[in-house]
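**Q** Test case, fold it:
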Amino acid sequence: MENASHADILKEGSHVWNTFVFDSNVQSAQLRDADLSDLTLRRVNLVNADLTGANLSTSDLSQACLADAKLQGVNFSAAILNGADLSDADATGADFRGTRLNGINLTSTMLRGANLEGVDLRRATLSGACFQNANLAGARLYRSALKKADFSGAQLTNAEILEEAGAAFIPAAA
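**A** The predicted structure is shown next:
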C-alpha cells in the first residue's frame, strides 16, 4: 500500500484507514480536493487531515474524528456527522446543507462563511465556535452548548435557538 494515495486507502473503509494511520504513523492525511462522496467512514481517524475542497457529500462520518482538520470549502451536503469531533478544525466556507449533525463537537471550530442552512445541531457542542457570516437560516440549536460562540454577521433568519449564557450574538456591523 506504500504507493497508494491517501484517498485510495481511505476508500477501502474506516478499519483499513485507521490501521494504516496507526501502522504508518501518518501525522497529516493529504486528501485535498478528493472525491470521498457516498462512503461509509464511521469512526474514521482524520485528525489533522487536509481535506480542503474535498467532496464528502452523502458520506457517513458518524463518530469520526476530524479534530484540527483543514476543512475549508468541503462539501458535506447530505452527509451524516452525528457524534463526530470537528473541534479546532477550520471549516471556513464548508457546505453542511442537509447534513445530520446531532451531538457533533464543534468546540473552537472556525465556520466563517459556512452554509449550515436548516441543519439540526441538537445537543451539539459549539463552545468557542466562530460562525461569523455563516448561514444558519432555519437551523435548530436546541440543547447545544453555545458558551463563547461567535455569531457576528451570521444569517439567523428562522433559526430556533435555545440561548444559553455565554453565547455571543453580535449584530453585523452597520
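**Q** buried residues in the longest helix seen in the chain?
**A** The longest helix of the chain (DSSP state H) is helix 14-24. By neighbour count on 16 or more other Cβ atoms under 10 Å, the buried set for helix 14-24 is Ser14, Trp17, Asn18, Phe20, Val21. (Each C-beta comes from the backbone N, C-alpha and C, glycine too.)
**Q** Report all helices and strands that that helix contacts.
**A** helix 6-10 (3 or more Cβ pairs under 8 Å, 6 or more residues apart in numbering; DSSP states H and E).
**Q** chain center to the helix it packs on, what's the gap?
**A** 19 Å (Cα atoms, centre = their mean, to the nearest Å).
**Q** Which parts of it count as buried, going by neighbours?
**A** Applying 16+ other Cβ under 10 Å to helix 6-10 flags His6, Ala7, Ile9, Leu10 as buried.
**Q** quick one: which two of those are the most distant?
**A** Greatest spatial distance among these (Cβ to Cβ): Ala7 and Ile9, at 7.4 Å.
**Q** Give me the mean pLDDT for the longest helix of the chain.
**A** If you average the pLDDT over helix 14-24, you get 90.
**Q** now do stretch 69-85
**A** On average, the pLDDT along stretch 69-85 is 98.
**Q** now it, how far from the centre of its chain.
**A** In terms of Cα atoms, centre = their mean, the centre of stretch 69-85 is found 4 Å from the chain centre.
**Q** do the same with stretch 27-44
**A** Taking the mean of its C-alpha atoms, stretch 27-44 sits 12 Å from the chain's own mean (Cα atoms, centre = their mean).
**Q** Show me the residue at the heart of this structure, geometrically.
**A** Centroid-nearest residue in the chain: Leu86, 5.2 Å away (criterion: Cα atoms, centre = their mean).
**Q** Now do the same for Ser55: its pLDDT.
**A** Quick fix: residue 55 is Asn, not Ser. For Asn55, the predicted pLDDT is 98.
**Q** Lys11: what's it in contact with?
**A** Counting by Cβ atoms under 8 Å, 6 or more residues apart in numbering, Lys11 makes contact with Leu36, Leu39.
**Q** what's the burial count for the closest residue to Leu106 other than its chain neighbours?
**A** Counting by Cβ to Cβ, 6 or more residues apart in numbering, Ala129 is the residue found nearest to Leu106 once chain neighbours are left out, at 4.7 Å. If you count neighbours by other Cβ atoms under 10 Å, Ala129 ends up with 30.
**Q** Distance-wise, check Ala129 relative to Ala64.
**A** 18 Å (Cβ to Cβ, to the nearest Å).
**Q** hmm, back to that, for the residue nearest to Leu106, give me its contacts.
**A** Contacts for Ala129 were tallied using Cβ under 8 Å, 6+ apart; they are Leu106, Thr107, Ser108, Thr109, Met110, Leu111, Ala149, Asp150.
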